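Undergrad: have a look; sequence and predicted model below, questions after that.
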Amino acid sequence: MTTQDATFARPGPRLRASRRRWGEDVVQGVLALFALISVATTVSIVVALLFPALEFFAEVNPVDYLTGTDWAPLFEPAHFGVLPLIAGSLLVTGVAVLVCAPLGLGAAIFLSEYAGRRLRSYLKPALEVLAGIPTVVYGYFALVYVTPQLQYLGVPAGVFNALSAALVMGVMLIPTVASISEDSMMAVPRELRDGAYALGSTKLHVATRIVVPAAVSGIIASYVLAISRAIGETMIVLIAAGGQPNLTLDPTEAVQTMTAFIGAIAQGDVPTGSIEYKTIFAVGLTLFVLTFAMNIVAVRLVRRWREVYE
Amino acid sequence: MSAVATRLRTHDRGARIRGALFVGLLLLSIAIGFLALGTLLIDVLSKGLNWTGATVDRVLLLESPSADPAIAGARPAILATIYLGILVLLFAVPIGVGTAIYLEEYASKDRWYNRLLEVNIQNLAAVPSIVYGILGLAFLVRGIGLGRVLLSGALILTLLVLPTVIIASREAIRAVPDSIRQAAYALGATRWQVVSRQVLPNAVPGMATGSILALSRGLGETAPLLLVGALTYVSFDPTLLGDFTALPIQIYQWIARPQEEFRIPLAAAGIIVLLMILLTLNAFAIWIRNRYQRTW
């Protein structure tokens, strides 16, 4: 059953404890109780989102919610079409991934294939600093630095626009992509590289035709996780992307994402039980389902490459 | 290797150039990240420090906020962030370390519920922070009627950092070699004696480093506190069961104000203080790791 029992099973039952130690059971019980808190958290999240969301969908047709192109919950008459918010999230996410996918992959290849052990031990933590900067700071940077710079460069962007929020978010996500991709590249066995070198490959060929294809599920997992993080990120878009729901593909326009909507409406003192209050949970549930699905995919992918080589 | 390698070097000049270009591209992709980081820091520093009223001094001197940007400070926000940090450590470390011990030392990997527990923690680590805020709003603030108080904020940040603390603690426990456990068992130690006297003392540096790094992430979070109802204007010092604000919230509130003076320099100065707090925490965590961590 346990390591201890398995290891000492052969000498027979004499090696058992001479008496029952209740203290040991109490300790194990307390520890299991602590572990249960994280299960309770998940259950609470689902319950907290689901029930108010169900009340919301009793008043708003779910089909209208998912296919409606007009999001105006605070207006008369109110409209509850979530597509503009989803489009806003996807627009920002798409541009952010265009930034972090190539840069993160490049950083991962460099760290795994080109940097020596010493250089890597400095570069990796330094890159991680990017992930440790609070998102409110990135939002500030997008609003007061990146947007004016974009305007200066002639990009027709307003004070609030999806582009600067997405660019900054992409930079924030570089370490996410780099560290997971690098882990999967480091897991590629040395023999594969040596084999390729023996056949006369250059370092470039080994990196791009051996290591990257062999690590591809880890790389995809890092992208999926980056997308999930981008969709769930709140402060950058709340500060820099604007506050109007906007069904558009133009990143220079202001958009509102799902997270920014939740963040914005929560600041007002919304009365409990009102339809505005319930929108928080309906949109929150949509966000949770989307990110949850992607996390499952990422976990599966990471497990796959671990199984192949270890 | 190098002696052989130089002789074996390709004579294909095109391949050498392509190789060099590729390395250049890779270096560029790393450099862009650092360039952005440097620009951000310089921009914030120049906006927050370059001010006739010595803004950082005043924010650091813990003045209370004000509608007048010329005399506004962030005393309640800074204090609340410190209180939040202490509370989150008090709650998250015992629970996180306890869960990690359970998973590493007690749980049998063959049982479905233990595997479920592991997957569950992985998923929790990737749940968007604002969803934790919704949880806090529904259960703590409205559900059990705790209200928009500091304790609600601390509890939600605890749940938010818990998966990270658990994952870091598990790694620290796993790094303790099995031979130490086996030796202790051979001397007749019970399981808890092995854990408490052999495994834990050796895993403490790794756990401390992981927990402090997780705390530093948690204290920088804004979105969950926004939903738990950290107020944007609090002029009194925080108490456990009173209204509160926090430094990231205060910064956000200054950014969101229409008057330019709140964004520059006040928000920038607040950011400098926040980054200083978080960097100190990170540096402390890394110092612990370098000072105390053993490798077997």
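TA: Nice, I can see it. Numbering: from 1, shown residues only, chains lettered A, B, ... in the order given.

Undergrad: from here on, just use CA atoms for contacts and neighbour counts.
TA: Will do.

Undergrad: now for A:Leu74: which residues touch it?
TA: Residues in contact with A:Leu74 (Cα atoms under 8 Å, 6 or more residues apart in numbering or on different chains) are A:Glu276.

Undergrad: next: the one 10 residues further on.
TA: Taking Cα under 8 Å, 6+ apart, we find A:Pro84 in contact with A:Thr69, A:Asp70, A:Trp71, A:Pro245, A:Asn246, A:Leu247, A:Thr248, A:Gln256, A:Thr257.

Undergrad: tell me the spatial nearest neighbour of it, not counting adjacent residues.
TA: Excluding the flanking residues, the one nearest A:Pro84 by Cα to Cα, 6 or more residues apart in numbering or on different chains is A:Leu247, at 4.5 Å.

Undergrad: now the one you found. Its backbone dihedrals?
TA: In terms of degrees, to the nearest 10, the main-chain angles of A:Leu247 are phi -80, psi 90.

Undergrad: the longest helix seen in chain B packs against which elements?
TA: Secondary structure of chain B per DSSP state H: the longest helix is helix B:13-49. Helix B:13-49 is packed against helix A:83-109, helix A:117-132, helix A:135-141, helix A:162-186, helix A:203-205, helix B:55-60, helix B:268-292, with contacts defined by 3 or more Cα pairs under 8 Å, 6 or more residues apart in numbering or on different chains; DSSP states H and E.

Undergrad: what's the domain layout of chain B?
TA: Annotated domains of chain B cover B:12-50, B:75-292 [automatic domain parsing].

Undergrad: returning to that earlier point: quick one: neighbours of the residue nearest to A:Pro84, just the number.
TA: Using other Cα atoms under 10 Å in any protein chain shown, A:Leu247 has 20 neighbouring residues.

Undergrad: can you check the one 4 residues further on too?
TA: Neighbour count for A:Pro251, taken as other Cα under 10 Å: 20.

Undergrad: and A:Glu191, how many neighbours?
TA: 9.

Undergrad: with A:Ala198 instead?
TA: 10.

Undergrad: of the contacts of A:Pro84, buried ones?
TA: A:Thr69, A:Asp70, A:Trp71, A:Pro245, A:Asn246, A:Leu247, A:Gln256, A:Thr257 (16 or more other Cα atoms under 10 Å in any protein chain shown).

Undergrad: any idea of the mean pLDDT for the longest helix of chain B?
TA: For helix B:13-49, the mean pLDDT works out to 91.

Undergrad: how far off helix A:83-109 does that helix point, in degrees?
TA: Interaxial angle, helix B:13-49 versus helix A:83-109 (axes from the mean of the first three to the mean of the last three Cα atoms, to 10 degrees): 120 degrees.

Undergrad: which one of the helices and strands packed on helix B:13-49 has the poorest average confidence?
TA: Among the helices and strands packed on helix B:13-49, helix B:55-60 has the lowest mean pLDDT, at a mean of 62.

Undergrad: next SSE after that helix?
TA: The helix or strand immediately downstream of helix B:55-60 is helix B:75-101, counting by DSSP states H and E.

Undergrad: report the distance from that next one to the chain centre.
TA: 11 Å (Cα atoms, centre = their mean, to the nearest Å).

Undergrad: then stretch B:203-210?
TA: 14 Å.

Undergrad: other residues contacting stretch B:122-134?
TA: Outside stretch B:122-134, the residues within contact range by Cα under 8 Å, 6+ apart are A:38, A:42, A:45, A:48-49, A:228-229, A:232-234, A:259, A:263, A:280-281, A:284, A:288, A:291-292, A:295-296, A:299, B:156, B:159-160, B:163-164, B:221, B:223-228.

Undergrad: for it, measure first residue to last.
TA: Terminal residues of stretch B:122-134 are spaced 20 Å apart (Cα to Cα, to the nearest Å).

Undergrad: ok now that stretch, how far from the chain's centre?
TA: Averaging C-alpha positions (Cα atoms, centre = their mean) puts stretch B:122-134 14 Å from its chain's average.

Undergrad: what's the average pLDDT for that stretch?
TA: For stretch B:122-134, the mean per-residue pLDDT is 93.

Undergrad: one more: stretch B:171-179?
TA: For stretch B:171-179, mean pLDDT rounds to 93.

Undergrad: in it, what's buried?
TA: Neighbour-count burial for stretch B:171-179 flags B:Glu171, B:Ala172, B:Ile173, B:Arg174, B:Ala175, B:Val176 (criterion: 16+ other Cα under 10 Å).

Undergrad: what about the buried ones among the contacts of A:Pro84, which are in helices?
TA: Taking DSSP H, every one of these sits outside helices.

Undergrad: re earlier: okay if I get the buried residues of stretch B:171-179 as a markdown table plus distance to B:Leu103?
TA: Supplementary listing: these in a markdown table, determined by distance: Cα to Cα, whole Å:
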| residue | distance to B:Leu103 |
| --- | --- |
| B:Glu171 | 11 |
| B:Ala172 | 12 |
| B:Ile173 | 10 |
| B:Arg174 | 11 |
| B:Ala175 | 14 |
| B:Val176 | 15 |
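
Undergrad: restricted to helices, list those residues.
TA: Within the buried residues of stretch B:171-179, membership in helices is found for B:Glu171, B:Ala172, B:Ile173, B:Arg174, as judged by DSSP H.

Undergrad: is it possible to export those to TSV including distance to A:Val177?
TA: Below are these laid out as TSV (distance: Cα to Cα, whole Å):
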residue	distance to A:Val177
B:Glu171	21
B:Ala172	24
B:Ile173	27
B:Arg174	25
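
Undergrad: in CSV: these, plus distance to chain A.
TA: Conversion of those to CSV gives the following (distance: Cα to the nearest Cα, whole Å):
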residue, distance to chain A
B:Glu171, 16
B:Ala172, 17
B:Ile173, 15
B:Arg174, 14
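
Undergrad: A:Val206 versus A:Thr291, what's the distance?
TA: In this view, A:Thr291 and A:Val206 are 34 Å apart by Cα to Cα.

Undergrad: which one's more surrounded, those two?
TA: Just comparing A:Thr291 and A:Val206: by other Cα under 10 Å the higher neighbour count belongs to A:Thr291, 24 against 19.

Undergrad: please name the nearest non-neighbouring residue to that one.
TA: Looking at A:Thr291 with Cα to Cα, 6+ apart, the closest residue is A:Ser228, at 5.1 Å.

Undergrad: A:Leu143 too?
TA: That would be A:Ala240: by Cα to Cα, 6+ apart, it lies 5.0 Å from A:Leu143.

Undergrad: which one's the longest helix in chain A?
TA: Longest helix in chain A by number of residues (criterion: DSSP H): helix A:22-59.

Undergrad: state the next helix or strand along the chain beyond it.
TA: Per DSSP H and E, the first helix or strand lying C-terminal to helix A:22-59 is helix A:62-67.

Undergrad: how about the residue positioned nearest the centre of chain B, secondary structure?
TA: Taking Cα atoms, centre = their mean as the criterion, B:Arg217 is the residue nearest the geometric centre of chain B, at 1.9 Å. Assigned by DSSP: H, G, I helix; E, B strand; the rest coil, the conformation of B:Arg217 is helix.

Undergrad: quick one, what contacts it?
TA: The contact partners of B:Arg217, by Cα under 8 Å, 6+ apart, come to A:Gly132, A:Pro134, B:Val161, B:Leu278.

Undergrad: for ChimeraX, what selects the buried ones among those?
TA: Per 16+ other Cα under 10 Å, the buried members of those correspond to this ChimeraX selection:
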select /A:132,134 /B:161,278
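
Undergrad: in CSV: the contacts of B:Arg217, plus distance to A:Ala78.
TA: Shown next, in CSV, are the contacts of B:Arg217 (distance: Cα to Cα, whole Å):
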residue, distance to A:Ala78
A:Gly132, 39
A:Pro134, 35
B:Val161, 37
B:Leu278, 43
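
Undergrad: what is the nearest of the contacts of B:Arg217 to A:Pro213?
TA: A:Pro213 lies nearest to A:Gly132 out of these, by Cα to Cα, at 29.9 Å.

Undergrad: gap between the closest one and B:Thr158?
TA: To B:Thr158, A:Gly132 is 18 Å away according to Cα to Cα.

Undergrad: skip the chain neighbours and tell me the closest residue to the residue nearest in space to the middle of chain A.
TA: In chain A, the C-alpha nearest the mean C-alpha coordinate belongs to A:Arg229, at 2.3 Å (Cα atoms, centre = their mean). Among residues not flanking A:Arg229 along the chain, B:Pro128 sits closest, at 7.0 Å (Cα to Cα, 6+ apart).
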